[in-house]
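Trainee: fold the stuff below for me.
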Amino acid sequence: MNSTLTSGVVAARVQIPRLAVNTLQLDGRTGGEPVVFVHGNVSSSVFWQLAMVQLPDRYRPVAVDLRGFGGTDALPVDASRGVRDYADDVAGVIDTLGLDDAHLVGWSMGGAVVLQLLLDAPDRYPSVTLVNPVSPYGFGGTRGPDGELVHPSAAGSGGGAANPDFVARLAAGDHGDEAPTSPRQVLLAAYVKPPFVPGDLDVYVESMLSTVVGDDNYPGDHVVAPSWPGIGPGRRGVLNTMAPTNLRLDGLPDLDPKPPIHWIRGSDDVIVSDTSLFDLAHLGSIGAVPDWPGEDVAPAQPMLAQTRAVLERYREAGGTTSEVVINDTGHSPHLEKPVEFVAALVQGMTRR
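Mentor: Okay, the predicted model is just below:
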């Protein structure tokens, strides 16, 4: 991927057993407490640059491109494993670079990845920070704070839930701003809170366009479902990793030990929300998707309430959690208010 790196940030490919992973690191920063940053869907490690360069010298930041994003090899994603393909790749980078006792930071879909890493090895990570994370019950197809499936088919989630015009524009490499479904306009309308415009907007658009499109990557395959809206998750590709039939991260309260989990979120996020503009059920309730059958059949997913409920159970079981809301920001507080974001991140990593 061609991109402009912030001064002091360098790219380095890391060969792990299954693939070559692109990472971003700080030039000359080889010591300090490791902090591993994991990006979200339709993005890459470049979204972390502002946070990386503002971290105090005591930390060594490493941002990872997930498979099929940025400069990492585009191996197929086995969504039947949830986000484990991604988590295994990140763990491979941690092993190869010798990043012992790494703090984990995951944004959006990356939040699910770092929680999977925590579930796999809770004694390995001193802290986990979630930034506007996907619900522990996935994206779409569930109701209530406990993530109950709305329908056994998980209708409304998975690869078929992506906007087809957005997918087509990603595949075509659309850099323009003519259509509301262009990557540039989606970033400006949903990744950040309007009217904020990132200073390196073209870099972030290029990052989005690095996404590999297809059934094995983004958005993934899908099947016909017997319940509204008629599509259900497949077994391959990005969005299916977050389908509730493939992803379940609610086992956190059973962990031993229990590292602190910190939740940082933008106050005005329209992607991960109890009224998400990317949730087909909520879109149906406001008339944006036709033939919505009503709240009893297809309720909007309460994404924030679900995350909060899982973290409350973690705390009740003896863990430590915190929630920081960064006001007047959307899905990307690390872009919109990087100084405030880094202050909240550091506070969380030092609260043991």
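Trainee: so which residues of the protein form helices?
Mentor: Taking DSSP state H to define them, one finds helices in the chain at 49-54, 84-97, 109-120, 164-172, 183-186, 201-209, 238-241, 280-285, 303-316, 333-336, 338-350.
Trainee: which non-adjacent residue is nearest Asn41?
Mentor: Spatial nearest neighbour of Asn41, chain neighbours left out: Met109 (4.4 Å); criterion: CB to CB, 6 or more residues apart in numbering. From N, CA and C alone the C-beta is placed, and that goes for glycine too.
Trainee: flag the shaky bits of this structure, pLDDT-wise.
Mentor: 1-3, 351-352 (pLDDT under 70).
Trainee: could you pull up the residues touching the residue most central in space within it?
Mentor: The residue lying closest to the centre of the chain (CA atoms, centre = their mean) is Met109, at 2.0 Å. Residues counted as contacts of Met109 (CB atoms under 8 Å, 6 or more residues apart in numbering) are Gly40, Asn41, Val83, Val134, Val238, Thr241, Met242.
Trainee: neighbours of the residue lying closest to the first one once chain neighbours are set aside, just the number please.
Mentor: Take Gly40 and drop its neighbours on the chain: the residue closest to it by CB to CB, 6+ apart is Ser108, 2.8 Å away. Residue neighbour count, defined by other CB atoms under 10 Å, stands at 27 for Ser108.
Trainee: surely Trp61 touches Val35?
Mentor: Just so we're on the same page, residue 61 is Pro rather than Trp. Yes - under the criterion of CB atoms under 8 Å, Pro61 makes contact with Val35 at 4.8 Å.
Trainee: now list whatever residues contact both of these two.
Mentor: Counting by CB under 8 Å, 6+ apart, the residues touching both Pro61 and Val35 are Leu55.
Trainee: can you tell me which of the helices of the chain is most buried?
Mentor: Greatest average neighbour count among those goes to helix 238-241 (a mean of 30), per mean count of other CB atoms under 10 Å.
Trainee: using CSV, write down the CA coordinates of that helix.
Mentor: Presented in CSV, the C-alpha positions along helix 238-241 are these (Å, rounded to 0.1, in the frame of the first residue of the first chain):
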residue,chain,number,x,y,z
VAL,A,238,-14.5,-10.0,7.3
LEU,A,239,-18.1,-9.3,8.2
ASN,A,240,-18.8,-12.9,9.0
THR,A,241,-16.1,-12.9,11.6
